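Student: Any chance you can model this:
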Amino acid sequence: MSNIKDEIAKEIENAKAVCGVEGSTSGECAAAWDAVEELQAEAAHQRQQHPKKNSLQQYCDDNPDAAECRVYED
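Tutor: Sure, this is the predicted structure:
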């Protein structure tokens, strides 16, 4: 996930540079910001697919033999 954050930061800097040179109403500026929006949408999509674990789930991942993490089957 940090990789996509780095890409977003790079694209934001690129968009600012392009808009500074070409002007804020140019097609190139709009295209640069579209690239930023696409990456942000992808990051949001990835977050939805991999929801964060709560503290108990994280603890049980690290300590599967703990009493709190036992699973009883019928």
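
Student: What is the helix or strand containing Ala31 packed up against?
Tutor: Using DSSP states H and E, Ala31 sits within helix 27-49. The contact analysis (3 or more C-beta pairs under 8 Å, 6 or more residues apart in numbering; DSSP states H and E) places helix 27-49 against helix 2-22. From N, CA and C alone the C-beta is placed, and that goes for glycine too.

Student: picking that back up, avg pLDDT for the helix holding Ala31?
Tutor: Helix 27-49 shows a mean pLDDT of 91.

Student: ok, now stretch 60-73?
Tutor: Taken as a whole, stretch 60-73 has an average pLDDT of 90.

Student: hmm, who's touching that stretch?
Tutor: Outside of stretch 60-73, the residues within contact range by C-beta atoms under 8 Å, 6 or more residues apart in numbering are Lys53, Leu56, Tyr59.

Student: One more: stretch 29-39?
Tutor: Around stretch 29-39, the neighbours that count as contacts under C-beta under 8 Å, 6+ apart are Ile4, Glu7, Ile8, Glu11, Ile12, Asn14, Ala15, Val18, Cys19, Glu22, Gly23.

Student: rerun at 6 Å
Tutor: With C-beta atoms under 6 Å, 6 or more residues apart in numbering as the test, stretch 29-39 has contacts from Glu7, Ile8, Glu11, Ile12, Asn14, Ala15, Val18, Cys19, Glu22.

Student: count of neighbours near Glu11?
Tutor: Per other C-beta atoms under 10 Å, the neighbour tally for Glu11 reads 19.
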